[in-house]
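1. the sequence and its predicted three-dimensional model are supplied below.
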Amino acid sequence: SSASYYERYHSLEDIYYWINKTAQDYPDMVKVTLIGSSYEKRPLYVLKLSGRQERAEKRAIWIDCGIHAREWISPAFCLWFVQYSLNFYNLNNDITEMLNSMDIYVLPVMNPDGYKYTWTTNRMWRKNRSMSKESNCVGTDLNRNFDANWCTKGASNRPCDEIYCGQFPESEPEAEAVANFLRSHKDSVKLYLSIHSYGQMLLFPYSCSNEEVPNHAELFELVQEAAMKVRRYYRNNYKYGASAKTIYLAPGGSDDWAYNLGIHYSFTFELEDRGRYGFLLPPSLISKACNEALLALKSIALRVIQKT
Ligand SMILES: NCCCCC[C@@H](C[SeH])C(=O)O
Ligand SMILES: [Zn+2]
Ligand SMILES: [Zn+2]
């Protein structure tokens, strides 16, 4: 059988077409917002998903995908998640409760210049495509460019490095656009999620230091419960815990910054796999990887809805 649209990887142009078609197909549930543009002036579109029930207090979830260009399963998950949510609204209780309780902001491709570059030139590119004056090397690691212990241990101040932190915090237009949006929505966004690959991990702050956040125990419980569900239903193991201990020190990350902004339910997911294919996860595994990530996301989101 021909794999569905959502079990294939899509070019940047394809994703832009999909964004606008999805908004056209679901005018009562999807609004598209332009939150800024990339270094090469490509648009950063956010889809806002809302249930059909009017509600007083506005609470929201933020999900960004594609911050790192080579992690193709990440934008694939954002597309997959949006279509799943729209199709199963009023059919699946968890999805219905989520959309009736929270708006969901989805940024399918946070690093469009880098994503495009992986389709045309270098499949293993990670950073954005900004040029720096003092070096011939290109690109900043957008997940080291946020204002959270910026450019300390775990990032690099050398433009040629894969974890180059940029010239200053939010020096990159992509990071600035996301930070601006979250600053102006910080009272309604209750849950922050950044989707990456690979490694199968459910991570929470801090990665900029070994210090524990005040609600460390609560966040640990949330990722532990989510990982247990994935293990039980899909027989697949995800590591979980605070980033610095579970993966590595990584200052300037979007999740740490969102946490410090006041979004105290902040997570980074590392999707499949554990290294057999790595960033080159075959399309045949997209569905499995997305189902696992969805189960973890629903587990955490429904708890956050109860708590906030
Ligand atoms: N705040 C960063 C969470 C831990 C590191 C995540 C990985 C994803 Se590829 C990284 O940015 O190196
Ligand atoms: Zn990443
Ligand atoms: Zn990763």
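-> Good, I have the coordinates. Ligands and ions are numbered 1, 2, ... in the order given.
2. now find how far off-centre stretch 103-117 is within its chain.
-> 9 Å (Cα atoms, centre = their mean, to the nearest Å).
3. send the alpha carbons of that stretch over as PDB?
-> The C-alpha trace of stretch 103-117 is given here as PDB (Å, rounded to 0.1, in the frame of the first residue of the first chain):
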ATOM      1  CA  ASP A 103      -4.800  26.000  22.200                       C
ATOM      2  CA  ILE A 104      -1.800  24.200  20.600                       C
ATOM      3  CA  TYR A 105       0.800  26.300  18.800                       C
ATOM      4  CA  VAL A 106       2.800  24.200  16.300                       C
ATOM      5  CA  LEU A 107       5.900  25.600  14.600                       C
ATOM      6  CA  PRO A 108       6.600  22.800  12.000                       C
ATOM      7  CA  VAL A 109      10.000  24.100  10.800                       C
ATOM      8  CA  MET A 110      11.900  26.500  13.100                       C
ATOM      9  CA  ASN A 111      15.100  26.400  10.900                       C
ATOM     10  CA  PRO A 112      13.800  26.500   7.300                       C
ATOM     11  CA  ASP A 113      17.100  27.600   5.800                       C
ATOM     12  CA  GLY A 114      18.900  24.600   7.400                       C
ATOM     13  CA  TYR A 115      16.200  22.200   6.500                       C
ATOM     14  CA  LYS A 116      16.300  23.300   2.800                       C
ATOM     15  CA  TYR A 117      20.100  22.900   2.900                       C
END
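4. can that stretch be found next to ligand 2?
-> No. Using Cβ under 5 Å from the ion, stretch 103-117 never reaches ligand 2; the gap is at least 9.7 Å. Backbone N, C-alpha and C define where each C-beta goes, glycine included.
5. that stretch vs ligand 1: in contact?
-> No. Using Cβ under 6 Å from any ligand atom, stretch 103-117 stays clear of ligand 1, with a minimum separation of 11.7 Å.
6. same deal with stretch 209-216?
-> No. Using Cβ under 6 Å from any ligand atom, no contact is recorded between stretch 209-216 and ligand 1, whose separation bottoms out at 11.0 Å.
7. what does this protein have sitting close to ligand 3?
-> So far as Cβ under 5 Å from the ion goes, the chain lies against ligand 3 at His196, Glu270.
8. now the helices for the chain?
-> Assigned by DSSP state H, the chain shows helices spanning 12-25, 73-88, 93-101, 112-120, 173-184, 216-234, 243-246, 254-261, 286-307.
9. what angle separates the fifth one from helix 112-120?
-> The one in question is helix 173-184. Per axes from the mean of the first three to the mean of the last three Cα atoms, to 10 degrees, the angle that helix 173-184 makes with helix 112-120 is 140 degrees.
10. report the central residue of this protein.
-> Centroid-nearest residue in the chain: Ser194, 2.6 Å away (criterion: Cα atoms, centre = their mean).
11. now do the contacts for that one.
-> With contact taken as Cβ atoms under 8 Å, 6 or more residues apart in numbering, Ser194 is in contact with Ile63, Asp64, Ile67, Asn143, Gly253, Ser254, Asp255, Phe267, Thr268, Phe269.
12. tell me the most buried of the helices of the chain?
-> helix 254-261 (a mean of 25; mean count of other Cβ atoms under 10 Å).
13. which parts of the protein sit against ligand 1?
-> Counting by Cβ under 6 Å from any ligand atom, the chain comes close to ligand 1 at His68, Asn143, His196, Leu203, Ser207, Ser243, Ile247, Ala250, Gly253, Asp255, Asp256, Thr268.
14. try it again at 5 Å.
-> Asn143, His196, Ser207, Ser243, Ile247, Ala250, Gly253, Asp255, Thr268 (Cβ under 5 Å from any ligand atom).
15. need those residues in JSON lines with pLDDT, can you?
-> Output for these, formatted as JSON lines (pLDDT from 0 to 100):
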{"residue": "Asn143", "pLDDT": "98"}
{"residue": "His196", "pLDDT": "98"}
{"residue": "Ser207", "pLDDT": "94"}
{"residue": "Ser243", "pLDDT": "96"}
{"residue": "Ile247", "pLDDT": "94"}
{"residue": "Ala250", "pLDDT": "97"}
{"residue": "Gly253", "pLDDT": "98"}
{"residue": "Asp255", "pLDDT": "98"}
{"residue": "Thr268", "pLDDT": "98"}
